[in-house]
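Asker: Give me coordinates for this.
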Amino acid sequence: MASAPGTAVVASLIAGRTGFSPKKLTIAAGILYVIAGLWWHSALSAEPDYLLAYLPALMLTGAGAGIGQTGFIAGGTAALPAHQYATGTGIINTSRQIGAAIGVAVFVAVSGSAIASEQYHTAWLLMSLFGLIASLSSAAAERKTPGLISPVIPGE
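Answerer: Here you go, the predicted structure:
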């Protein structure tokens, strides 16, 4: 399991230094999730093969998570005034955690107590679809720029 978190850390450090916009980073994250889901859909079978079937998709998912977090936080807080940054970051992280919980719940509901691999294949295709939706919604999002804040002068 260390391969996904380790990849996420490395990917987030690299993503933060690329100079790409938050929009491009979130689109890239969604695309990595699509590729990982499709990899699992096509590579997983009844015969276990960690090195070729599981590990590559796990690393793609970790990279997507690391790149996505960088884009989500940067894009979600860019238009906030400094005094609202902590609250905005908290709301973004809470939303991300709720989304992850919903995603796991949907995956478990679809795969269920799968005896046949078909349910897992359907669940991975659904994961790919959600990654595609995330990429498209990121591409359609408009960036808001921070407005100038007028100082409040007492007595005026």
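
Asker: ranges for the helices of the protein?
Answerer: 3-18, 22-43, 55-77, 85-111, 117-140 (DSSP state H).

Asker: in this protein, what spans have low per-residue confidence?
Answerer: Where the chain drops to pLDDT under 70, the residues are 1-4, 41, 113-116, 142-156.

Asker: Now for residue 45, how many residues are close by?
Answerer: 11 (other Cβ atoms under 10 Å). From N, CA and C alone the C-beta is placed, and that goes for glycine too.

Asker: Ignoring the adjacent residues along the chain, who's closest to it?
Answerer: Of all residues not flanking residue 45 in the chain, residue 117 sits nearest, at 6.7 Å (Cβ to Cβ, 6 or more residues apart in numbering).

Asker: Isn't that neighbour up against residue 46?
Answerer: Yes. In this structure residue 117 lies within contact range of residue 46 using Cβ atoms under 8 Å: 6.2 Å.

Asker: These two - which one has more neighbours?
Answerer: Higher neighbour count among residue 117 and residue 46: residue 117, with 12 against 6, using other Cβ under 10 Å.

Asker: In contact with the more buried one: list those residues for me.
Answerer: The contact partners of residue 117, by Cβ atoms under 8 Å, 6 or more residues apart in numbering, come to 44-46.

Asker: which of the residues you listed lies closest to residue 86?
Answerer: Of all those, the one with the least separation from residue 86 (Cβ to Cβ) is residue 44, at 41.2 Å.

Asker: what's around that closest one, how many residues?
Answerer: Other residues close to residue 44 by other Cβ under 10 Å number 17.

Asker: Could you do residue 141 as well?
Answerer: Neighbours of residue 141 (other Cβ under 10 Å): 13.

Asker: out of everything not next to it in sequence, what's closest to it?
Answerer: Nearest non-adjacent residue to residue 141 (Cβ to Cβ, 6+ apart): residue 23, at 6.4 Å.

Asker: my guess is the one you found meets residue 138, correct?
Answerer: Yes. Residue 23 sits in contact with residue 138 when judged by Cβ under 8 Å, with a separation of 5.7 Å.
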